[in-house]
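>>> only geometry, no sequence info:
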Ligand SMILES: Nc1ncnc2c1ncn2[C@@H]1O[C@H](COP(=O)(O)OP(=O)(O)OP(=O)(O)O)[C@@H](O)[C@H]1O
Ligand SMILES: [Mg+2]
Ligand SMILES: [Zn+2]
């Protein structure tokens, strides 16, 4: 990659300067010390991507990896609240020191000053913020940066495929059990293949739970994640039951894998993290 010459020096003939280029290069430099970017995505909204991302980061940290967490959810970033870092603001121009949840450095679009944020994000502004979340953060060396995406398959996941080299990227797809979700996530899988984001597993969330009444309730159906994983030939990493404690932990900024590690949902999340940690260690 040729160096951009601000001083009017020699440029490679094929190099076309563009405003995006400097930011892409900053992001590329930031990624030098980051081995893997683990993208948590779903074609479907509200299925628990942010909750899964935050808890996976905590569980991967507990499994002994050096973990960071950021969201590329520019319009509705939820990771600050879910990590207890709501209200944090970066000072100055950066590079910014990320605040931490325990030992995990965390960044979010919400941490930038209002002057750098918009209420109506057009493509180029969004692109700039996304690049900033990599390139203007002083990320330490990491085994894995967990990245929480908004729903769907537009600007944000496309930015991942543009900014992060395919060999560093791994994606987890989150679905709920019912067909209305698994169908969207199947399309999301095809999108990931098209843009060369390797999918390492499916997480089913809001799965059936054991009730105090002694019965199991399947509010959103059951088995959809398993069927989808079989159809797509990717591992099913977890079935996370519906659990009010998981929701409370998200609202209180105390991820359940830390707050109540023996809860069924926490055990499922830890299981997913252990499989991922093994996979990341063996795939070079
Ligand atoms: N297994 C679960 N049991 C109970 N509540 C859950 C569970 N998983 C997630 N939730 C709750 O469901 C809501 C939606 O979760 P979350 O915000 O993580 O979804 P999302 O997919 O990131 O949404 P968006 O598409 O808006 O980004 C949150 O209030 C969260 O606490
Ligand atoms: Mg979210
Ligand atoms: Zn019941």
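Happy to help now that I have it. Bear in mind that the values here come from a model prediction, so they are computed numbers and not experimental data. Ligands and ions are numbered 1, 2, ... in the order given.
>>> what's the nearest residue to the closest residue to ligand 3 within the stretch 1-150 of the chain if we skip its chain neighbours?
At 21.2 Å from ligand 3, residue 48 is the closest residue in the stretch 1-150 of the chain, using CB to the ion. C-beta here means a position set from N, CA and C on the backbone, and glycine is covered the same way. In this structure, residue 48 finds its nearest non-sequential neighbour in residue 205, 3.9 Å apart by CB to CB, 6 or more residues apart in numbering.
>>> what's the answer for residue 72, then?
residue 156 is the one closest to residue 72 (CB to CB, 6+ apart), at 4.5 Å.
>>> how much space between the one you found and residue 54?
17 Å (CB to CB, to the nearest Å).
>>> same check on residue 96?
Residue 96 is 20 Å from residue 54, by CB to CB.
>>> between the two, which one's more packed in?
Regarding residue 96 and residue 54, a neighbour count based on other CB atoms under 10 Å identifies residue 54 as having more, with 31 against 19.
>>> hmm, the one helix or strand that one maps to touching ligand 2?
Here residue 54, judged by DSSP states H and E, is contained in helix 49-62. Yes - shown here: helix 49-62 in contact with ligand 2 (CB under 5 Å from the ion) through 49, 50.
>>> what of stretch 239-258?
No - shown here: stretch 239-258 not in contact with ligand 2 (CB under 5 Å from the ion), separated by at least 10.0 Å.
>>> pLDDT on that stretch, on average?
Mean pLDDT, computed over stretch 239-258, is 97.
>>> is ligand 1 contacted by it?
Yes - on the criterion CB under 6 Å from any ligand atom, stretch 239-258 is in touch with ligand 1 at 240, 242, 243, 246, 247, 250.
>>> what's the local residue count around whichever residue of the stretch 51-200 of the chain sits closest to ligand 2?
Per CB to the ion, the residue of the stretch 51-200 of the chain with the smallest distance to ligand 2 is residue 78, at 4.9 Å. Residues near residue 78, counting by other CB under 10 Å, number 20.
>>> contacting residues around the closest residue to it other than its chain neighbours?
Closest residue to residue 78 apart from its sequence neighbours, by CB to CB, 6+ apart: residue 50 at 4.3 Å. Residue 50 is in contact with 40, 71, 73, 78, 79, 82, 148, 250, counting by CB atoms under 8 Å, 6 or more residues apart in numbering.
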